[in-house]
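Enquirer: what follows is a protein structure lacking sequence information:
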């Protein structure tokens with residue numbers, strides 16, 4: 001579904017991605033783990049067209065993706081939930097959710113999707129008329145994931161969804177990610193510093209360090225890999 005071939009990306013003269021190759025198959029949840037500055041978010045920026053790549057190739061459903069504008073990429077079915085949530089603070093929960101459907105014109109379909117999102121996140125239904133700024137961090141994260149689902153994505157990009165959220169709500173969000181992939185057939189690329197959570201809910205994973213892939217494989221196997229335990233899970237070798 002998604003392919004990276006020797007992708008290089010720079011910020012001015014400093015490289016963020018150096019020869020990165022990876023893939024994601026339809027229906028999969030793939031995790032990207034690594035420390036701050038490892039290049040995880042740069043991969044998402046490259047996919048969404050927010051940062052042009054210097055060399056290499058990105059493909060989506062067999063077609064070249066790099067070089068497309070962010071608006072074109074959303075219309076292709078790729079939607080990102082950015083790090084830090086980025087809500088519209090003075091707008092209601094309902095209006096924040098509806099902003100996710102800006103590429104759609106099917107009013108009946110939008111209403112059905114909204115109802116499905118509120119079914120998946122009951123807390124949002126309870127707070128549907130509240131300003132987004134009054135929600136907790138975890139509730140805002142549910143809202144921005146719901147906002148992304150309003151676009152009916154085929155590929156959902158999640159950038160640090162557990163960042164700054166209470167542990168109980170992290171569990172709720174992790175379960176929601178699993179359910180979205182399982183029930184709606186949405187493929188997921190998950191960037192997450194909570195490596196244990198990311199490996200627990202994904203099919204495969206890539207570990208990055210200084211802009212390069214250093215380990216990859218089945219997520220369950222990586223959970224037991226002593227190198228991953230030492231580097232990302234706080235274990236000892």
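Expert: Arrived safely, thanks for sending. For clarity, every value in this text was computed on a predicted model and none was experimentally measured.

Enquirer: residue contacts, the residue nearest to residue 7 when sequence neighbours are not counted?
Expert: Among residues not flanking residue 7 along the chain, residue 56 sits closest, at 3.6 Å (Cβ to Cβ, 6 or more residues apart in numbering). Where C-beta positions appear, they are placed from N, C-alpha and C, glycine not excepted. Residues near residue 56 by Cβ atoms under 8 Å, 6 or more residues apart in numbering: 4-8, 19-20, 66.

Enquirer: any idea which of the residues you listed is the one closest to residue 116?
Expert: The closest of these to residue 116 turns out to be residue 4 (Cβ to Cβ; 31.3 Å).

Enquirer: you'd agree that closest one is in a strand?
Expert: Yes. When classified by DSSP: H, G, I helix; E, B strand; the rest coil, residue 4 is found to be part of a strand.

Enquirer: low-confidence ranges in the chain?
Expert: For the chain, the stretches flagged by pLDDT under 70 are 234-237.

Enquirer: so which residues of it form strands?
Expert: Per DSSP state E, the chain carries strands over the ranges 2-11, 14-24, 29-33, 55-60, 63-64, 78-81, 155-159, 187-191, 204-209, 212-218.

Enquirer: burial count for the residue nearest to residue 172 when sequence neighbours are not counted?
Expert: Spatial nearest neighbour of residue 172, excluding adjacent residues (Cβ to Cβ, 6+ apart): residue 138 at 7.2 Å. By other Cβ atoms under 10 Å, 21 other residues sit near residue 138.

Enquirer: relative to residue 167, how far out is residue 138?
Expert: 10 Å (Cβ to Cβ, to the nearest Å).

Enquirer: then residue 60?
Expert: Residue 60 is 35 Å from residue 167, by Cβ to Cβ.

Enquirer: how about residue 139?
Expert: With Cβ to Cβ as the criterion, residue 139 and residue 167 are 15 Å apart.

Enquirer: of those two, who's got more company?
Expert: Neighbour comparison, residue 139 and residue 167: the larger count goes to residue 139, with 22 against 9 (by other Cβ under 10 Å).

Enquirer: can you pull the contacts of that one?
Expert: Contacts of residue 139 by Cβ under 8 Å, 6+ apart are 123-124, 127, 169.

Enquirer: of these, which is the most crowded?
Expert: Counting by other Cβ under 10 Å, top hit in the contacts of residue 139: residue 124 with 23 neighbours.
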